[in-house]
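[1] return a 3D structure for these sequence lines:
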Amino acid sequence: MADRIRVLLVDDQELVRYGFRLVLEAQDDMVVVGEASDGAEAVSSAKLLKPEVILMDVRMPGVGGIEATRRILAELPDTRVLVLTTYDRDEFAFGALQAGAAGFLLKNTRPDELVEAVRTVRSGDAVVSPRVTSKLIEVAVPHLGGADPDVEARLFVLSEPERDVFLLVGRGLTNTDRAEPSPQRVDGEGPLRADPRQACPEQPHPGGGPRLRARRRRAGRLSQHSMKATARPPSEVSLYLLSMSRPVSRIVRIA
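    As a prediction, the model looks like this:
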């Protein structure tokens, strides 16, 4: 298969590398492109072989797996590193993730879970063991802030047209995008007001009468004025909306 996942194995124990190779090469969509027995060799092999996924041990002679991960990702940022270790210690897990690893698993992970983890990190998601997931939640939750009630209150002080505009700004729309008519309000509470340029009935010929052309010019000026009025530095409300519209990366937990 031309699109097989290219994997580099890094571990100071040959028997472990051999076991990983057997598991991965039994899959039709994976190929082991090389092996390394320490961190320094892993860095040079990654530069030469350009693997998509690296299975990285933590404790090795010389350069360890966490430092090797940091060096590799500094030069090959698109490479996905999946750290596997025998030692279930917080400093290893957090150190690997801080170095940029896409996942952290223990070596007692089942073969089918390892295979799925390789596919997952290659697709751009993250994989962590259950205990590390729990620890990450325990560490992160105290630092999470709740919704600001003042911002919510200020949002609903706006008039209906202002609220429509700010919600569209929060979705990242430009002035041109916001000028297009939409059949539905962005907050799902009813239809948006029609674009003023669409208020005039269709005429049987392109030019129309003088009164109709004057009305269209006046509607166009009003529309442009309303669009320019929104081109101001982003307020707390628009920043709040932008923060709500950003996608969140998915973390896959291995059961």
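[2] what does stretch 64-71 rub up against?
    With contacts defined as C-beta atoms under 8 Å, 6 or more residues apart in numbering, stretch 64-71 is touched by 10, 39-40, 42-43, 54, 56-59, 63, 81, 83, 85, 92, 95-96, 99-101. The way it works is simple: take the backbone N, C-alpha and C, and place the C-beta from them, glycine included.
[3] narrow these to those in strands?
    Val10, Ile54, Met56, Val81, Val83, Thr85 (DSSP state E).
[4] out of those residues, which is nearest to Ser159?
    Val81 (51.2 Å; C-beta to C-beta).
[5] what sits against that closest one?
    Val81 touches 53-54, 56, 69, 72-73, 96, 99-103, 121, counting by C-beta under 8 Å, 6+ apart.
[6] now which of the residues you listed would you call buried?
    Buried members of those, scored by 16 or more other C-beta atoms under 10 Å, are 53-54, 56, 69, 72-73, 96, 99-103, 121.
[7] related to what we said a few turns ago, farthest pair within the contacts of Val81?
    Val53 and Ala99 (15.6 Å).
[8] ok, for Arg21, nearest residue in space, not its chain neighbours?
    Residue nearest to Arg21 in three dimensions, not counting chain neighbours: Val32, with 4.9 Å by C-beta to C-beta, 6 or more residues apart in numbering.
[9] give me the element that neighbour is part of.
    Val32 belongs to strand 30-36 when elements are defined using DSSP states H and E.
[10] buried residues in that strand, which are they?
    Met30, Val32, Val33, Gly34, Glu35, Ala36.
[11] can you find the helix or strand in this structure with the smallest mean pLDDT?
    helix 236-245 (a mean of 48; mean pLDDT, DSSP states H and E).
[12] output the helix or strand harbouring Glu162 as CSV, nothing but the C-alphas.
    Taking DSSP H and E as the definition, Glu162 sits inside helix 160-170. C-alpha atoms of helix 160-170 as CSV (Å, rounded to 0.1, in the frame of the first residue of the first chain):
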residue,chain,number,x,y,z
GLU,A,160,-30.9,42.8,18.0
PRO,A,161,-29.0,44.1,15.0
GLU,A,162,-25.9,44.7,17.1
ARG,A,163,-26.2,41.2,18.5
ASP,A,164,-26.4,39.7,15.1
VAL,A,165,-23.3,41.6,13.9
PHE,A,166,-21.3,40.6,17.0
LEU,A,167,-22.2,37.0,16.7
LEU,A,168,-21.1,37.0,13.1
VAL,A,169,-17.8,38.7,14.0
GLY,A,170,-17.4,36.0,16.6
